[in-house]
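# Take a look and give me a structure for this.
(one chain, ligands or ions: 2)
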Amino acid sequence: MTSSTTPAAKKRILSGAKPTADSLHLGNYIGAVRNWVDMQAEYDAVFFIPDLHAITVDFDPTELAKRTRIVAAQYIAAGIDPDKSIFFVQSHVPEHAQLAWALNCITGFGEASRMTQFKDKTQKSGADAATLGLFAYPTLMAADILLYQTDLVPVGEDQRQHLELTRNLAQRFNTRFGATFTVPEATIVKERAKIYDLQNPSAKMSKTGESPNGTIQLLEDPKIAAKRIKSAVTDAGTEIRFDPEEKPGVSNLLTIYSSLTGKSVVELESEYQGKMYGHLKVDLADVVVDFVTPLRDRTHELMADPAELDRLLAHGAERAREIASVTLAQVYERMGFLPSFSLAGVR
Ligand code: ATP
Ligand code: LTN
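Ligands and ions are numbered 1, 2, ... in the order given. The predicted structure is shown next:
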């Protein structure tokens, strides 16, 4: 029973973003990383870099290692605190792959075949290019979540179906082998803070956008970021007004401005009443430079000391394994695997 003096245990949240680019972009920061940073105070947070998921599509080994380090440094620079949150690289915790295998064996082939992300990706690349790893992407994701007895999983709408599968697998396992897993809830992050491409404001800002000028890479020279804001596509007319239908370009700039300064869009609209697009762009360029510069400097500092970065990640992996190994041991025992005793322990 919880006594009135014991604070209620914090709920556990878990999320991850793949190391598939040379730098996070402004959309990643505003749409995801910033929320993770804010959630650290309220929740027992687990964040990780799903590098095992990154190899489910074509990849380059040298690039993968480099990108994993960069993304780790960018998350820490952006405010993920490895003392507050558990922060680690997925491949450093072997229990992820181990639990994924066990889950594969209670997942129906038809069930996995219905995952729309797999269908979309194989439609694009052709069934021959798809690997078993890509097919098993959702069960590895379920393992990521279930290993930590996660309560809440903040992800985008595109991950909803994977979350549903995770809940089904947790319930199925619990029914068949005994209560083992917390059944997680999805907290689908509404696309409230979706950032659009600066050159094509009908597409989202992306690491794979049509033109590099549409994206602000957080590691690029801040002068380039300023230039991209100043040359962003704006709309017909002159009025600075938030109207995503009629004025997608200006609205996107207002969203970025508001996200980085905390000023509301309404406040900004009145501040810029009667002014020109150019004024907004010049000011926003300064805001972006002031935001990007310290973040970039801190990322470079972290990257300049790879031993320290590796130490932080090793510490995170150790903390993660303390939890993951307990869950995996329960799973193995309940599934009937013979316990393995090390010879060192017997002697
Ligand atoms: P990309 O098109 O850049 O490859 P992605 O969604 O594949 O985008 P991830 O690395 O999976 O990129 O993204 C990490 C997080 O950033 C996700 O939670 C995603 O929702 C968020 N995100 C990506 N692009 C944007 C954007 N333009 N605006 C807001 N959030 C974004
Ligand atoms: N599939 C997710 C990344 C991811 C993830 C996870 C997110 C892998 N494992 C576990 C939340 C929880 C994506 O592409 N955004």
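# contacts for the host helix or strand of Gly249?
With elements delineated by DSSP states H and E, Gly249 resides in helix 248-261, which encompasses its position. In this structure, residues lying in contact with helix 248-261 by CB atoms under 8 Å, 6 or more residues apart in numbering are 26, 30, 34, 193-196, 198, 201-202, 229, 232-235, 240-244, 263-265, 268-269, 277, 280-281, 283-284, 287-288, 291. For every residue, glycine as well, the C-beta is placed using N, CA and C.
# nearest spatial neighbour of the residue of the chain at minimum distance from ligand 1, skipping sequence neighbours?
Of the residues in the chain, the one nearest ligand 1 is Gly31, at a distance of 1.9 Å by CB to the nearest ligand atom. Beyond its immediate neighbours in the sequence, the residue positioned closest to Gly31 (CB to CB, 6 or more residues apart in numbering) is Ala193, lying 5.3 Å away.
# distance of that neighbour from Glu111?
33 Å (CB to CB, to the nearest Å).
# just Gly133 next, same as before
When distance is defined by CB to CB, Gly133 is 17 Å away from Glu111.
# Just the pLDDT at Ala9, thanks.
Reported pLDDT at Ala9 in the predicted model: 89.
# Spatially nearest residue to it (excluding sequence neighbours)?
With sequence-adjacent residues excluded and distances taken as CB to CB, 6+ apart, Ala9 is closest to Asp44, at 7.5 Å.
# list the contacts for that neighbour?
Ala9, Lys10, Lys11, Arg12, Ile13.
# same check, this time on Arg228
By CB under 8 Å, 6+ apart, the contact list for Arg228 reads Leu198, Asn213, Gly214, Thr215, Ile216.
# Which members of these define the maximum pairwise distance?
The largest separation in these, counting by CB to CB, is between Asn213 and Ile216 at 9.7 Å.
# joint contacts of the two?
Here Asn213 and Ile216 share the contacting residues Leu198, Arg228, scored by CB under 8 Å, 6+ apart.
# Among these two, which residue is more densely surrounded?
Neighbours were tallied for Asn213 and for Ile216 using other CB atoms under 10 Å; the higher tally belongs to Ile216 (25 against 17).
# Check what pLDDT that one gets.
Note for Ile216: predicted pLDDT of 97.
# Does stretch 241-254 reach ligand 1?
No - using CB under 6 Å from any ligand atom, no contact is recorded between stretch 241-254 and ligand 1, whose separation bottoms out at 9.6 Å.
# low pLDDT regions in the protein?
Across the chain, residues meeting the criterion (pLDDT under 70) sit at 1-7, 190-192, 345-347.
# Show me what the longest helix belonging to it packs onto, helices and strands only.
Counting residues, the longest helix found in the chain (DSSP state H) is helix 306-335. If contacts are counted by 3 or more CB pairs under 8 Å, 6 or more residues apart in numbering; DSSP states H and E, helix 306-335 sits against strand 44-49, helix 61-78, strand 86-89, helix 95-104, helix 160-177, helix 277-304.
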